[in-house]
Structure formats: C-alpha cells, structure tokens
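Chemist: Give me a model of this one.
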Amino acid sequence: MKIAPHPDARMCVLLQDEEVKCYCNRQALTYLAAELARIADAPPEEYYEVHVAEEINLVGAFPPNVWIIDERRPSVEARSQAYEVTFMHVTETDLDRLRK
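Modeler: Residues are numbered from 1 along each chain as shown. I've put the predicted structure just below:
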C-alpha cells in the first residue's frame, strides 16, 4: 500500500553534466526506501515505478520541499549523455545551503 511522504521530507536534485545527485534528509530517504521496497515486492508485470522528485513533492509546500539546481553545460552533447543517479543522506543545514 502506497504511503504519503512525511511532511518534513526535503530533497535537492543537482543536475550535472555526467550525473544527477539527490541530496535528501532522513524523511525523504525513508519514504523513498519504503516506496522502492513496495514496488520491489509487487509483481513485475505491474510496472510500478518511483518518480523520485514527483513522489516526494508536497504540492503547495512553501518553500518547495523539492528543488532542482541545473549545473549542466548548455551544449546538446552534454545533455544527451547517460546519467548516474546518486542518493545521499544529508543534514538539514546542507539542504538549506543548497537552496540558496
């Protein structure tokens, strides 16, 4: 059964030329872990998926609890490369610093 994200879940998605980093607080990571476990336990033919930022986004939250920083080079070549996604457990202070 799908659960709602914790109201204090926060995540910064950092887009770089060769990777995507997701800086998350404990509440966001716990929620993502539960969602990944839920879809891992589901039959594969159900094709459940977790849209990372969309799953945690609390519509109407102010300031937004999910934000994106795009540091990619503007070239078409840079934007067509494959990406590695990295989840990292970070402090609230780290998230505050990334928001600026």
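
Chemist: And the strands in the protein?
Modeler: Applying DSSP state E to the chain gives strands spanning 11-15, 19-24, 66-70, 84-89.

Chemist: Which of those strands sits closest to residue 54?
Modeler: For these, the distance to residue 54 is smallest for strand 66-70, at 8.3 Å, taking C-beta to C-beta. The C-beta positions use only the backbone N, C-alpha and C, and glycine is treated the same way.

Chemist: between that closest one and strand 19-24, how many degrees?
Modeler: 150 degrees (axes from the mean of the first three to the mean of the last three C-alpha atoms, to 10 degrees).

Chemist: OK, contacts around residue 34?
Modeler: With contact set as C-beta atoms under 8 Å, 6 or more residues apart in numbering, residue 34 has these partners: residue 3.

Chemist: Any figure for the gap between it and residue 16?
Modeler: In this view, residue 34 and residue 16 are 27 Å apart by C-beta to C-beta, to the nearest Å.

Chemist: Could I get the average pLDDT for the longest helix anywhere in the chain?
Modeler: When the chain is parsed with DSSP state H, its longest helix is helix 26-41. For helix 26-41, mean pLDDT rounds to 90.

Chemist: just to revisit the earlier point, format the strands of the chain as TSV; extra columns: mean neighbour count and distance to residue 96.
Modeler: As requested, the strands of the chain are exported to TSV (neighbours: other C-beta atoms under 10 Å; distance: least, C-beta to C-beta, whole Å):
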stretch	mean neighbour count	distance to residue 96
strand 11-15	20	10
strand 19-24	19	11
strand 66-70	14	11
strand 84-89	12	15
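
Chemist: Sweet, I'm off.
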